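**Student:** Sequence and predicted structure are below.
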Amino acid sequence: SYIDAINMRLEVMDSTALSLCMDNKLPILVLNMWDRDALKRGLLGEKVGTLVSDEPR
């Protein structure tokens, strides 16, 4: 969840950006930037990366 990401101080995004996404209910898909096909696979609906949202695990 957004709160988990903020509390764990993950260095994916700063806390202000995470808070703005949380306030506006914008999900964040965190991908491996070294995987050339990760974005394409994510856009095609494959389960890839980590989804940060307000949905419980």
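**Tutor:** Received the coordinates, thanks. Numbers count the residues shown, from 1 in each chain.

**Student:** Contacts made by stretch 17-30 with the rest, please.
**Tutor:** Residues from elsewhere that reach stretch 17-30, judged by C-beta atoms under 8 Å, 6 or more residues apart in numbering: 2-3, 5-6, 12-13, 42, 48-54. (Each C-beta comes from the backbone N, C-alpha and C, glycine too.)

**Student:** If we use 6 Å, what do you get?
**Tutor:** For stretch 17-30, the surrounding residues in contact (C-beta atoms under 6 Å, 6 or more residues apart in numbering) are 2, 5-6, 12, 42, 49-53.

**Student:** Please apply the same query to stretch 44-53.
**Tutor:** If you take C-beta under 6 Å, 6+ apart as the criterion, stretch 44-53 is touched by 5, 27-31, 38, 41-42.

**Student:** and those, which two are the farthest apart?
**Tutor:** Across those, no pair lies farther apart than Ala5 and Arg41, at 21.8 Å, counting by C-beta to C-beta.

**Student:** Let me see the backbone angles for the residue sitting nearest the centre point of the chain.
**Tutor:** Among the residues of the chain, Ile28 comes closest to the average C-alpha position under C-alpha atoms, centre = their mean, at 3.1 Å. Ile28 adopts backbone torsions of phi -120, psi 130, taken as degrees, to the nearest 10.
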